[in-house]
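> Task: produce atomic coordinates for the following.
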Amino acid sequence: MDETGGFNEPQRRRLLASARYADKLAAEIEEILRAPESKSPFAKYRPDVSLHQARLIRSHLARFGEHLGRVLSAAGIECGVPQFGALHSIRVDLAFLRIAVQEMAPEYLRGYGDLPPATAAELRGLCGELEGHIDGLERNLALGSAADLQARLARLDGTTKEADLLRALDRIAGETELAEFRATLLHLVEKAESQAFEVAVFGRVSSGKSTLLNRLLDTDVLPVGVNPITAVPTRLVHGPESRLTVTFVDREVRRRPIAELIEYASEERNPGNQLGVTRLVLSLPSQGLENGLVLVDTPGLGALATNGAAETLSYLPQCDLGIVLISALNPVNDEDLNTIQALTQAGIAVMALLSKADLLSPGDREKVLRYTKNEIFAHLGLATEVYPVSAVRDGEGMLDEWRTRILSPLFERHRELAQQSLRRKAGALRESVIAALRVRLDAEGKTAPAAASLFGEVERELRTAAGELEDARRFCLGATDEVRSLYEFALARAAKVIVESGGKRPPVEIVRETAEALAADAASQISGRLIALAEHLQNALRAAAEALGEDTGTLDPELEQSVREMPRFQPALPDIAIASPRYRGLRAVARAWVARSLRSAVSAELQTGFTNYGRNLETWVRSVLGALQQGFNERADPYRARLARQMGGSTLPADRRERMQSGIEELERLG
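A predicted model of the protein is given here:
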């Protein structure tokens, strides 16, 4: 043969097509051999091939494939390179798989007849369970090389006592096919890797936030003396090199030199955040940020109707400590008090710092500290500590004292609590894995009919609880949409109250009270639904634990704690002057007049306030629902798998029984 094998182009194409078809048939035979390993409920082939036959067939198929490749190569026919990435193709198939699962939901069965509510709830829960599996798969695909937990845990050696236990749990769960514990393991590894302590700094313009942060980190990366952007908190984290990471509303991520920060973080260069920046992260090789400390420079919270305040409020659940910076030259005002109140309502520890304290004499400094502390207590009823600080060299002793005596112990305490939480959860996971292995070893054909019935009922209860998650999501997100349109109701109701008061109360007071009452009523419905959901989820988990003989005291209390205190509605309203005509007996005319006057005076501010509050509530709801779903699934998935194994009772191969027994013994030693 010559270098083309002696074939012309049509002959080579024909041979290549036949070879591809032959390779496809060989691949189908391999799929048939793998059929017994499949857990599909729609099995196509009976498993009537013995293990010896399967090994023999695979050996011949391997030789066939190798020989086919050599024949084509000798004939000068190139097979070509693969056209599609496996990862991309899997993700595409998962997208269609998600759609197929979503179309199993009760809404898609309406045209086929009525569905009983209990059946609809269980079916919705089933769809939620299936989507949860898809979510887990997609999360692991997105991790890439980070999906190798063994490698990540090896890097944690010496930093946490739980590294050995987590490494053993990951290996044993993989060897014994306990995939249901993967999500919990991943969550614990992430907690072990990032025990971050986020300290967010709030303050009025010219309060010295950027100067103070620069001084704390011994750097000058934060621009001083510029009007900050009104929408984006800036996170300062530790990194091997100085770098700015900018995330935009379309999820595009850019890595830029730190010198370009002002291009994104100043009102002058980015007016109204027209660039659509959603996240700014400064990575700095600073000793002050080692060991997990994260500092966050935030927009103010005082004017809650602004976009900046809305974005800052949505950030709050990530914050561990809020620091409110109050200038020693400007007494504490409503903006400072509103910020402290918002932090407290979000369940965040808060302290106040008196900046530029070096400009006061020691006597005046003590007076201002005492006055600030008293004002906070008088208006908010909070006994908040206030500490003097200064960013200039002459006053560095105050800053160093605060950092050493106050901030560092808080940071260490946070790390200790995070370590305790990790230790507790790793221990609970160890017990769950041991229990799952024992159940599997003991469940071979031993499940009594009565027990099987109980397990089936518990499984349905878990499924119904998962369905309630989706129902609550729809209700709560729908309610946040309705909040955005409440301003019209607020104007109409306020107009009625103003007319009935006969001018005895200031109109702005009535408008604010009416608007806050409407917002509070909507918020209480959302909060009540989420609290009921958390109780339902916890009860379903408790029933599963009891049915499986597990100590219900091991249930994680953090599930019900996920429903934190909600954001509060505080509209920024101007003064309102209404010259209402006096229509005797014609209250409807008077209400219409007042309503028009209110619409002209405060409609824009009220609409902005309700729109931003609806957005804040939506962010809060999504955060709470995400925490509830993650916490529930981390416990429910192992229970579901154990219940299925209890009801299955299939015989285990001897080598797999040995691996399970060995895993139990190893985990007991690590306890």
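> and Thr247, how far is that from Ser210?
Between Thr247 and Ser210 the computed distance is 21 Å (CB to CB, to the nearest Å). In short, each C-beta sits where N, CA and C put it, glycine included.
> Out of these two, name the residue with the larger neighbour count.
Ser210 (22 against 16; other CB atoms under 10 Å).
> For that one, give me the backbone phi and psi.
phi -60, psi -40 (degrees, to the nearest 10).
> repeat for Ala43
phi -60, psi 140.
> which residues touch it?
Applying CB atoms under 8 Å, 6 or more residues apart in numbering, one finds that Ala43 lies in contact with Ala35.
> can you give me the helices in the stretch 301-450 of the chain?
Under the criterion DSSP state H, counting those that start in this stretch, helices of the stretch 301-450 of the chain are mapped to 307-315, 334-345, 362-380, 396-402, 408-442, 449-483.
> I'd like the average pLDDT over stretch 327-347.
Stretch 327-347 carries an average pLDDT of 78.
> Name the residues of that stretch that are buried.
327-328, 332, 335-344, 346 (16 or more other CB atoms under 10 Å).
> Next, format the residues you listed as a markdown table and append distance to Glu470.
Converted to a markdown table, the buried residues of stretch 327-347 look like this (distance: CB to CB, whole Å):
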| residue | distance to Glu470 |
| --- | --- |
| Ser327 | 49 |
| Ala328 | 52 |
| Val332 | 45 |
| Glu335 | 40 |
| Asp336 | 41 |
| Leu337 | 40 |
| Asn338 | 36 |
| Thr339 | 36 |
| Ile340 | 37 |
| Gln341 | 34 |
| Ala342 | 30 |
| Leu343 | 32 |
| Thr344 | 32 |
| Ala346 | 26 |
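> Those: which two are farthest apart?
Greatest spacing in the buried residues of stretch 327-347, by CB to CB: Ala328 and Ala346 (26.6 Å).
> Just to be sure, Glu198 is in a strand?
Yes. Glu198 forms part of a strand when assessed by DSSP: H, G, I helix; E, B strand; the rest coil.
> Next, find the distance separating it from Val237.
Distance from Glu198 to Val237, by CB to CB: 10 Å.
> Kindly report the same for Leu477.
According to CB to CB, Leu477 stands 31 Å off from Val237.
> which of these two has more neighbours?
Set Leu477 next to Val237 and count neighbours by other CB under 10 Å: Val237 wins out with 19 against 15.
> how close does Leu216 sit to Phe411?
Computed as CB to CB, the Leu216 to Phe411 distance reads 12 Å.
> now do Leu369
23 Å.
> repeat for Phe455
Taking CB to CB, one finds Phe455 at 47 Å from Phe411.
> From the neighbour counts alone, determine which of these two ranks first.
Neighbour count, other CB under 10 Å: between Phe455 and Phe411, Phe455 has more, with 21 against 18.
> Report the contact partners of Leu598.
Per CB under 8 Å, 6+ apart, neighbours of Leu598: Leu491, Ala494, Ala495, Ile498, Pro507, Val511, Ile576, Ile578.
> Make TSV out of those residues and add distance to Gly609.
Putting those into TSV (distance: CB to CB, whole Å) gives the following:
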residue	distance to Gly609
Leu491	12
Ala494	13
Ala495	17
Ile498	18
Pro507	16
Val511	10
Ile576	14
Ile578	19
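> Quick check on those: which are buried?
Buried subset of the contacts of Leu598 (neighbour count, 16+ other CB under 10 Å): Leu491, Ala494, Ala495, Ile498, Pro507, Val511, Ile576, Ile578.
> Could you find the closest non-adjacent residue to Met351?
Spatial nearest neighbour of Met351, chain neighbours left out: Glu385 (5.3 Å); criterion: CB to CB, 6 or more residues apart in numbering.
> Wait, that neighbour touches Val350, no?
No. Counting by CB atoms under 8 Å, Glu385 stays clear of Val350, with 9.4 Å between them.
> In terms of neighbours, single out the busier of the two.
Val350 (22 against 12).
> Start from the N-terminal end of this protein and give the strands.
For the chain, the strands defined by DSSP state E occupy 197-203, 234-238, 243-248, 253-256, 277-284, 293-297, 321-327, 349-355, 386-388.
> now the longest helix seen in the chain, how far from the centre of its chain.
Counting residues, the longest helix in the chain under DSSP state H turns out to be helix 587-648. Remark: helix 587-648 is offset 16 Å from the chain centroid, using CA atoms, centre = their mean, to the nearest Å.
> same question, stretch 292-300
Per CA atoms, centre = their mean, the centroid offset for stretch 292-300 relative to its chain is 18 Å.
> Rounded mean pLDDT for it, please.
For stretch 292-300, the mean pLDDT works out to 77.
> list the contacts for Val602?
Contact analysis of Val602 by CB under 8 Å, 6+ apart lists Leu491, Val508, Val511, Leu573, Pro574, Ile576.
> show me the contacts for the third one.
By CB under 8 Å, 6+ apart, the contact set of Val511 is Ala490, Leu491, Ala494, Leu573, Ile576, Leu598, Val602, Leu606.
> Now do the same for it: its pLDDT.
82.
> what does the fourth one give?
Note on Leu573: pLDDT of 74.
> Tell me which residues touch it, please.
If you count contacts by CB under 8 Å, 6+ apart, then Leu573 has Val508, Val511, Arg512, Val602, Glu605, Leu606, Gly609 around it.
> What is the nearest of those residues to Val433?
Closest approach to Val433 among those (CB to CB): Gly609, at 50.2 Å.
> The nearest residue to the closest one once chain neighbours are set aside: how many residues sit nearby?
What sits nearest to Gly609 in space, not counting adjacent residues and going by CB to CB, 6+ apart, is Pro571, at 3.5 Å. Residues lying near Pro571 (other CB under 10 Å) number 22.
> what's the neighbour count on Thr184?
Number of residues near Thr184 (other CB under 10 Å) recorded here: 23.
> tell me the contacts of it?
Lys425, Leu429, Glu634, Pro638.
> Surely Arg235 and Leu280 touch.
Yes. The criterion here is CB under 8 Å, and Arg235 meets it with Leu280 at 7.0 Å.
> and Asn616, what pLDDT?
The model's pLDDT for Asn616 equals 78.
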